[in-house]
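> from the sequence below, what's the structure:
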Amino acid sequence: MNGESVRVLTALRGPVARVGVAGEIDDATVDRLIDTLDGLCQAPQERVELDLSAVGYLGSAGVRALAQAADNPAGVPVRVVGASEIVRRVLALTGIDRLLTGGQPVSRPR
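Numbering: from 1, shown residues only. From the prediction side, this is the model:
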């Protein structure tokens, strides 16, 4: 896998940032996601929404990046608003599903 196997797109809607991710999140690609989340998880953002419905693989590096984003110094809430079946299972198995959803189940792709 290489750094080109993931796409990260950002849309700003007022104080809410929506991040769409497509491809595979692993050691080789996670820096693109980390850079995006680090840039958004600060004032004036009130919330960062992650759409992971087009992610086909979420490795441990991606799990770590999501956990760190959820625990950002500015306290900006990071929420998963869509996830593929494999991502939902990984989030549940690692126990960060509730951390990233505010206690709600991760939604399925629409």
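
> what's the helix or strand that contains Ser53 packed up against?
Taking DSSP states H and E as the definition, Ser53 sits inside strand 47-58. Strand 47-58 sits against strand 16-25, helix 60-70, strand 78-83, helix 85-94, with contacts defined as 3 or more CB pairs under 8 Å, 6 or more residues apart in numbering; DSSP states H and E. No exception for glycine: its C-beta is placed from N, CA and C like everyone else's.

> buried deepest among these, which one?
strand 78-83 (a mean of 22; mean count of other CB atoms under 10 Å).

> what's in contact with that one?
18, 37, 41, 47-53, 55, 66, 69-70, 72, 87, 91, 97, 100-102, 106-110 (CB atoms under 8 Å, 6 or more residues apart in numbering).

> that strand vs strand 47-58, what angle?
Between strand 78-83 and strand 47-58, the angle comes out at 50 degrees (axes from the mean of the first three to the mean of the last three CA atoms, to 10 degrees).

> quickly run through the sheet partners of strand 78-83, with directions.
Note on strand 78-83: by DSSP bridges, its sheet partners are strand 47-58 (parallel).

> just grab the bridge partners of the residue nearest to the spatial centre of the chain for me.
Among the residues of the chain, Leu50 comes closest to the average C-alpha position under CA atoms, centre = their mean, at 4.6 Å. On the basis of DSSP bridges, Leu50 is bridged to Val19, Val80.

> Ile55 touches Gly23, doesn't it?
Ile isn't right for residue 55; it's Val. Yes: if you go by CB atoms under 8 Å, Val55 and Gly23 touch, sitting 6.8 Å apart.

> residues contacting the residue nearest to the centre of the chain?
By CB under 8 Å, 6+ apart, the neighbours of Leu50 are 19, 21, 66, 78-81, 100.

> what ranges of the protein fall below the confidence cut-off?
The model of the chain has pLDDT under 70 over residues 1-4, 103-110.

> now do 50
For the chain, residues meeting the criterion pLDDT under 50 lie at 1-3.

> just give me the neighbour total for Pro77.
Pro77 has 16 neighbouring residues, counting by other CB atoms under 10 Å.

> ok, and the closest non-adjacent residue to it?
The spatially closest residue to Pro77, leaving aside those adjacent along the chain, is Arg47, at 5.0 Å (CB to CB, 6 or more residues apart in numbering).
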